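Chemist: Sequence first, then the predicted structure, then my questions.
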Amino acid sequence: MYLERDFPHFYYTEGRVDLMKLTNEQKRAKVRDFRPIDDVFFEVLAQNPKVCQEILRTILEDDNLMVTSVITQSDERNLYGRSVRLDALRALGTGAKVNVEVQRSDNDNHLKRARFNASSITVKESEPGTTFEEVLGLYIVYISEFDFLKGNKTIYHVEKILKETGEVIEDGLHEIFVNTVIDDGTDIAERMSCFTKKEVKNAKFPALSSEVKRLKETEGGVQVVCEVMQRYENIAIQRERVEILQKMIQEKYTKEAILRLGFTEDEYAEAERELIQLK
């Protein structure tokens, strides 16, 4: 049985830093080591449509591709729920959408993760009453810091085919997996290497190079990155609270006792809902 002393309020905040109270130089120091493939930094970069367009033109190999709008992770969280990871969802001039995810942790089934996200986006973006012919075209672009498909290639295109004839089946879904570790001598390999660098100076990625410099060297850019960092920190704290609360529920701690420790009704409901989903 958990005791009240096991969960003092400071447990959740001790050692945490309020980034907004740091000096400008301290903030700049924290932002300096970020790379484009890092979650926080990529989310900020993705807010710039020119950067999105430049990256997608490279990966989708279409110099005429136009990005018309961008939804970043902070915007979509309430739209798709916490279970769906959308670092950025972009609308193209053709009406199709592209979900881009950067992934540094090799601790999941990446193919099934991409499939799950694609299904969730398709359902959410489909209007009631529409025919299946009208289901949106969707590109899943998955950028990883490892070659989990182990083909020694920088980029892989996954499509449905008829086994008997080899014919590609067009159902509107296209999955593209790109990594930053394999240099197979292609132009895209050179460009993807920029994602793992703290300083990006590549003439083939002018918008990305310029935005990385702005975010790291200007007061306004550093401030924006720190604000996103703070939000990630707050989410991490909230996640810790919910996970601890789940353990207490499993140990048969009463709801009244849990709320007396400073947890909220909403936190209790979220923890309980997730436990039910796991059964």
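Modeler: Looks like it came in fine.
Chemist: going forward, measure contacts between C-alpha atoms and count neighbours the same way
Modeler: Fine.
Chemist: What's the per-residue pLDDT of the nearest residue to residue 204 once chain neighbours are set aside here?
Modeler: Nearest non-adjacent residue to residue 204, counting by Cα to Cα, 6 or more residues apart in numbering: residue 191, 7.2 Å away. On pLDDT, residue 191 comes in at 95.
Chemist: which residues sit in contact with residue 191?
Modeler: Counting by Cα atoms under 8 Å, 6 or more residues apart in numbering, residue 191 makes contact with 202, 204, 205.
Chemist: just the buried members of these?
Modeler: residue 205 (16 or more other Cα atoms under 10 Å).
Chemist: beta partners for residue 92?
Modeler: Following DSSP bridges, residue 92 is listed with bridge partners residue 67.
Chemist: Please work out how many residues are found near it.
Modeler: 19 (other Cα atoms under 10 Å).
Chemist: where's it relative to residue 64, distance?
Modeler: Note on residue 92: its distance to residue 64, by Cα to Cα, to the nearest Å, is 11 Å.
Chemist: picking up where we left off before, now the contacts of residue 191 as a markdown table including distance to residue 213, secondary structure and pLDDT?
Modeler: Shown next, in a markdown table, are the contacts of residue 191 (distance: Cα to Cα, whole Å; DSSP: H, G, I helix; E, B strand; the rest coil; pLDDT from 0 to 100):
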| residue | distance to residue 213 | secondary structure | pLDDT |
| --- | --- | --- | --- |
| 202 | 12 | coil | 95 |
| 204 | 15 | coil | 93 |
| 205 | 12 | coil | 95 |
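Chemist: Out of the contacts of residue 191, which is nearest to residue 139?
Modeler: residue 205 (21.3 Å; Cα to Cα).
Chemist: and the gap between the residue nearest to residue 204 and residue 43?
Modeler: Residue 191 is 19 Å from residue 43, by Cα to Cα.
Chemist: same question, residue 126
Modeler: 25 Å.
Chemist: cool, and residue 182?
Modeler: 24 Å.
Chemist: residue ranges of the strands in the protein, please?
Modeler: Taking DSSP state E as the test, the strands found in the chain are 67-72, 88-92, 97-103, 138-144, 155-158, 160-161, 168-169, 173-179.
Chemist: In terms of mean pLDDT, which of those ranks lowest?
Modeler: strand 88-92 (a mean of 73).
Chemist: For this protein, just list every one of the helices.
Modeler: Remark: helices assigned in the chain by DSSP state H are 24-32, 39-46, 49-59, 73-80, 110-125, 187-192, 206-217, 219-250, 255-260, 265-278.
Chemist: Highest mean neighbour count out of those?
Modeler: helix 39-46 (a mean of 23; mean count of other Cα atoms under 10 Å).
Chemist: can I have that helix written out in PDB, keeping just the CAs?
Modeler: Once non-C-alpha atoms are left out, helix 39-46 reads as follows in PDB (Å, rounded to 0.1, in the frame of the first residue of the first chain):
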ATOM      1  CA  ASP A  39      11.500  16.300 -31.500                       C
ATOM      2  CA  VAL A  40      11.400  19.800 -30.000                       C
ATOM      3  CA  PHE A  41      13.400  21.400 -32.700                       C
ATOM      4  CA  PHE A  42      11.700  19.600 -35.500                       C
ATOM      5  CA  GLU A  43       8.300  20.800 -34.300                       C
ATOM      6  CA  VAL A  44       9.400  24.400 -34.400                       C
ATOM      7  CA  LEU A  45      11.100  23.900 -37.800                       C
ATOM      8  CA  ALA A  46       7.900  22.300 -39.100                       C
END
